[in-house]
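Chemist: Whatever this is, show me its structure:
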Amino acid sequence: MMNATRTTLSKKKIKLKEIARRKRRKKRFRRLLNEINRIFPTTEQTVHHGDLLLITPTTQRLTWRKKRKTLKTTRRKRNLTRTTTEMSKKKRRREEKLRKKRERNREHRQETTRRQV
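Modeler: Next up is the predicted model:
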């Protein structure tokens, strides 16, 4: 550690802090899980509390599961990269529909501003 610079030391410290934070979070959820399972040993409904989700009815127990990235965000990212030539018929139609709608709105806005003047 003699030759380590201040930045590397601080980076290491940050990394350790993140690991500790993650551990604490897992422990907190684990405690919550245990509490819920103690109160409801067999439960059917899904409990949403951060990353808590009901798993299979065979276990009938709540388990820890990482929150997945929603489909919406991944789709949005995918759509940004895609061009119209690659798009499917359905998507192309939807895009055209949206474009027409925006044009209509723009025209309508221009008409209303003309009336006001």
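Chemist: how does this protein divide up, domain by domain?
Modeler: 6-64, 71-116 (automatic domain parsing).
Chemist: if you average pLDDT over each of those domains, which comes out lowest?
Modeler: Least confident of the domains of the chain, judged by mean pLDDT, is domain 6-64 with a mean of 71.
Chemist: so how far is L9 from N3?
Modeler: Using CB to CB, to the nearest Å, N3 is found at 11 Å from L9. Every C-beta, even on glycine, is put in place using the N, C-alpha and C of the backbone.
Chemist: meant to ask about N37, not that
Modeler: The spacing between N37 and L9, counted by CB to CB, is 42 Å.
Chemist: Who has more neighbours out of those two?
Modeler: For N37 versus L9, the count of surrounding residues by other CB atoms under 10 Å is larger for N37: 15 against 11.
Chemist: which element is the more buried one on?
Modeler: According to DSSP states H and E, N37 maps onto helix 6-39.
Chemist: Just the buried positions in that helix, please.
Modeler: F29, L32, L33, I36 (16 or more other CB atoms under 10 Å).
Chemist: Max pairwise distance over the residues you listed: which two?
Modeler: F29 and I36 (10.2 Å; CB to CB).
Chemist: quick one: secondary structure of N3?
Modeler: Three-state call for N3 (DSSP: H, G, I helix; E, B strand; the rest coil): coil.
Chemist: I'd like to know how many residues surround it.
Modeler: Residues lying near N3 (other CB under 10 Å) number 5.
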